[in-house]
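Novice: Provide a 3D model corresponding to the input given below.
(one chain, ligands or ions: 1)
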Amino acid sequence: MRLIARNLAARRGEDLLFSGISLVLSKGEALVLTGRNGSGKSTLLRVLAGLMRPEMGEALCESPGDEPRPVREFSHYLGHRNGMKAELTVAENLAFWKTFLGDHDKGCGIAIEEAADRVGLGGITHLPYGYLSAGQQRRFAMARLLVAHRPVWLLDEPTAALDSAADSLFSSLVRAHLSAGGLVVAATHQPLGLDAPQRLEMKGFDHTSLEKAF
Ligand SMILES: Nc1ncnc2c1ncn2[C@@H]1O[C@H](COP(=O)(O)OP(=O)(O)OP(=O)(O)O)[C@@H](O)[C@H]1O
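Specialist: Here you go, the predicted model:
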């Protein structure tokens, strides 16, 4: 499978935030988005995830013998928010995502307890999600990536506010996903332990001339 984005542009408010972004990612490859705050990393991820309509261009996944389909049909999106209900137990939250997202591309998600073990939190999935610490909540948000198989992981600052143990645990999950032929696009300031990922530096609105006027 390949992820192909052609000539993507996105608008925020009145202005184009970026334009002319094209990229190709093949199985096992990662792209790291860099750039200062407000430069457009989250916006590009949201466009790839199908949460925002691009102003121009398209982002598709291509598999041999199949029609290209939108990236959103093949992707997990882990944004700044965890996407879990505080009142439901961890198991209920993960069961919802497992059913809602389903498996794609002939892969198979793992069982909920196994995913909890993989993020270092086995045995507490009966607790309401809202009872957990911020770091534990983030770890279970990561477990969502494991309970439903999706080949493309779109990650927005996945390890922000995590301790170093959770940081390296998540890096190993990402590396395992890539080794199994997955694709990753991540906005992150952490290295994630990736070997030579592609890099794209987002530049944001060009307000230079505006700033000079003041
Ligand atoms: N709904 C919106 N309407 C108008 N402008 C917006 C909206 N959402 C974001 N923006 C602007 O778009 C720009 C890019 O935001 P974005 O969140 O994509 O940046 P980022 O690179 O992910 O930033 P950070 O590193 O702080 O997370 C910012 O200038 C932001 O103020």
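
Novice: Buried ones in stretch 38-48, by neighbour count?
Specialist: 39-48 (16 or more other Cβ atoms under 10 Å). Where C-beta positions appear, they are placed from N, C-alpha and C, glycine not excepted.

Novice: same for the ligand: which of the residues you listed are within range?
Specialist: 39-43 (Cβ under 6 Å from any ligand atom).

Novice: picking up where we left off before, check the buried residues of stretch 38-48 and tell me the two furthest apart.
Specialist: Distances among the buried residues of stretch 38-48 were taken as Cβ to Cβ; the most separated pair is 39 and 48, at 15.8 Å.

Novice: which parts of this structure sit against the ligand?
Specialist: Checking the chain against the ligand by Cβ under 6 Å from any ligand atom, the hits are 12-13, 17, 35, 37-43, 187, 202.

Novice: Mind checking which of these land in helices?
Specialist: 41-43 (DSSP state H).

Novice: From these, pick the one nearest residue 168.
Specialist: residue 41 (22.4 Å).

Novice: Export the residues of the chain next to the ligand as CSV, with columns for distance to residue 102.
Specialist: CSV is the format used below for the residues of the chain next to the ligand (distance: Cβ to Cβ, whole Å):
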residue, distance to residue 102
12, 31
13, 35
17, 32
35, 33
37, 35
38, 35
39, 33
40, 30
41, 28
42, 25
43, 27
187, 26
202, 31
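
Novice: Would you agree residue 45 is in contact with residue 154?
Specialist: Yes - distance between residue 45 and residue 154: 5.0 Å, which falls inside the contact criterion (Cβ atoms under 8 Å).

Novice: Which neighbours do these two have in common?
Specialist: 77, 185 (Cβ atoms under 8 Å, 6 or more residues apart in numbering).

Novice: Which residue ranges of the protein form helices?
Specialist: Going by DSSP H, the chain shows helices at 41-48, 90-101, 112-118, 134-147, 164-179, 208-212.

Novice: okay, these in CSV with distance to residue 23 next?
Specialist: Shown next, in CSV, are these (distance: least, Cβ to Cβ, whole Å):
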stretch, distance to residue 23
helix 41-48, 9
helix 90-101, 24
helix 112-118, 29
helix 134-147, 21
helix 164-179, 16
helix 208-212, 25
